[in-house]
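Q: the amino acid sequence is not available; the structure is as follows:
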């Protein structure tokens, strides 16, 4: 298969895990490839992906080969594939805008943050690089709260004529104005805010769905998360958390039969614990009432390496975006967005979103309002069943 050519904005821990994973699965087969939701999508395997352009603003990454930059500080995720061949692709200086929180200046010249002294790029330079590299899609991995910067890169993708995968909680795919822009250019967009493979939000959603199906009335719930990577450090600035909290909260609220009042649901990043590094610890509590209005509660502690937890999902999103490009399908990809993202344009339960995505992969997807009725009736094509 030809390689899927990707560009990446933000070479942090998530990008490191993604690029390590692409190399890690080379030489493996379906029988020994643990950790993937799909081994093959449209004929593309996990290693049929190639990074051809990358942008960052940290001095220790800009100018380096991509496969060297992903191991540079402040990255601190698990190294599960440490020997990577040189890509020949140098990390270009990106656009800063609000990509750096003001409080991060306190940490400059420490392990957590060193701003490159290179002149930041302008839109024309980034668009030119995307076109020259032959990139087919741009993955956004900028820090939470980078509202202006994410929109800047989305505009660059539009001008370069490539797809866009928005892994962060700045609303692009779920904003009708941006969705329209990608539709008009017939370019696919998947978003917003990637779900982990088995992380805090997907676990919380699954438990909430279980309570609903078993007739337990949920009265209140929280999800508290701590971590020690620069993402959690960045989120100490609570003003940058508006879209993140909305994304994570809506992901759980959308599962419930009756939405909880704001004072009865709290979901969001809680604190920065430096020694945790890329390990994320999540505490979930759900309180409810059983038969006869008898109270009960559930508490759960989840510990995961944060960045590898999203990489397999990103690999599937990349391959679905490629299928859309091959099929000439532009605009929001509703099915993959619903399954892979916390804040898609249309929320579905995870079992329905999974069925929708299987149909999309098989080329028989139904999107929009008709999809909910179709999938809730348990329909799924014979082609998907055969797979």
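A: Here it is on my side, so go on. Since the structure is predicted, the reported quantities are computational estimates derived from the model, not experimental observations.
Q: next, count neighbours for the residue nearest to residue 275 when sequence neighbours are not counted.
A: Spatial nearest neighbour of residue 275, chain neighbours left out: residue 228 (5.9 Å); criterion: Cβ to Cβ, 6 or more residues apart in numbering. To be clear about C-beta, it is placed using only N, CA and C from the backbone, and glycine gets the same treatment. Residues lying near residue 228 (other Cβ atoms under 10 Å) number 20.
Q: how near is the residue nearest to the spatial centre of the chain to residue 111?
A: Nearest residue to the geometric centre of the chain (Cα atoms, centre = their mean): residue 194, 2.3 Å. Plainly put, residue 194 is 25 Å away from residue 111 if you go by Cβ to Cβ, to the nearest Å.
Q: cool, residue 344 as well?
A: Residue 344 is 35 Å from residue 111, by Cβ to Cβ.
Q: what do you get for residue 315?
A: Residue 315 is 29 Å from residue 111, by Cβ to Cβ.
Q: just to revisit the earlier point, phi and psi next, for the residue nearest to the centre of the chain.
A: Main-chain torsions, residue 194, degrees, to the nearest 10: phi -60, psi 140.
Q: still on that earlier bit, okay, residue 315 and residue 111: which has more neighbours?
A: residue 315 (26 against 12).
Q: in a strand, that's where residue 53 is, yeah?
A: Yes: counting by DSSP: H, G, I helix; E, B strand; the rest coil, residue 53 falls inside a strand.
Q: does it have beta-bridge partners, and which?
A: Per DSSP bridges, the residues bridged to residue 53 are residue 7.
Q: pLDDT score assigned to it?
A: pLDDT, residue 53: 98.
Q: show me the contacts for it.
A: Neighbouring residues of residue 53 by Cβ atoms under 8 Å, 6 or more residues apart in numbering: 7, 8, 89, 92, 129, 130, 133, 135.
Q: repeat that with 7 Å
A: Counting by Cβ atoms under 7 Å, 6 or more residues apart in numbering, residue 53 touches 7, 89, 129, 130, 133, 135.
Q: residue 7 is in contact with the fifth one, correct?
A: Just to be clear, that refers to residue 133. Yes: counting by Cβ atoms under 7 Å, residue 7 is a contact partner of residue 133 at 6.4 Å.
Q: quick one: residue 83 and residue 24, what's the gap?
A: 10 Å.
Q: who's more crowded, the two?
A: Shown here are residue 83 and residue 24; by other Cβ under 10 Å, residue 24 has more neighbours (19 against 8).
Q: wait, what's in contact with the more buried one?
A: Residue 24 sits next to 80, 81 when contact means Cβ under 7 Å, 6+ apart.
Q: okay, it: pLDDT?
A: We have a pLDDT of 96 for residue 24.
Q: same question for residue 367.
A: Per-residue pLDDT puts residue 367 at 58.
Q: going along the chain from the helix or strand encompassing residue 269, find the next helix or strand for me.
A: Element membership of residue 269, judged by DSSP states H and E, is strand 265-272. Sequence order places strand 279-289 as the next helix or strand after strand 265-272, per DSSP H and E.
Q: which residues in the stretch 1-150 of the chain form strands?
A: Assigned by DSSP state E, counting those that start in this stretch, the strands in the stretch 1-150 of the chain fall at 4-9, 49-56, 92-93, 137-140.
Q: could those strands go into a markdown table alongside distance to residue 31?
A: Converted to a markdown table, these look like this (distance: least, Cβ to Cβ, whole Å):
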| stretch | distance to residue 31 |
| --- | --- |
| strand 4-9 | 23 |
| strand 49-56 | 21 |
| strand 92-93 | 39 |
| strand 137-140 | 29 |
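Q: so for residue 42, which of those sits nearest?
A: Residue 42 lies closest, by Cβ to Cβ, to one member of those: strand 4-9, at 10.0 Å.
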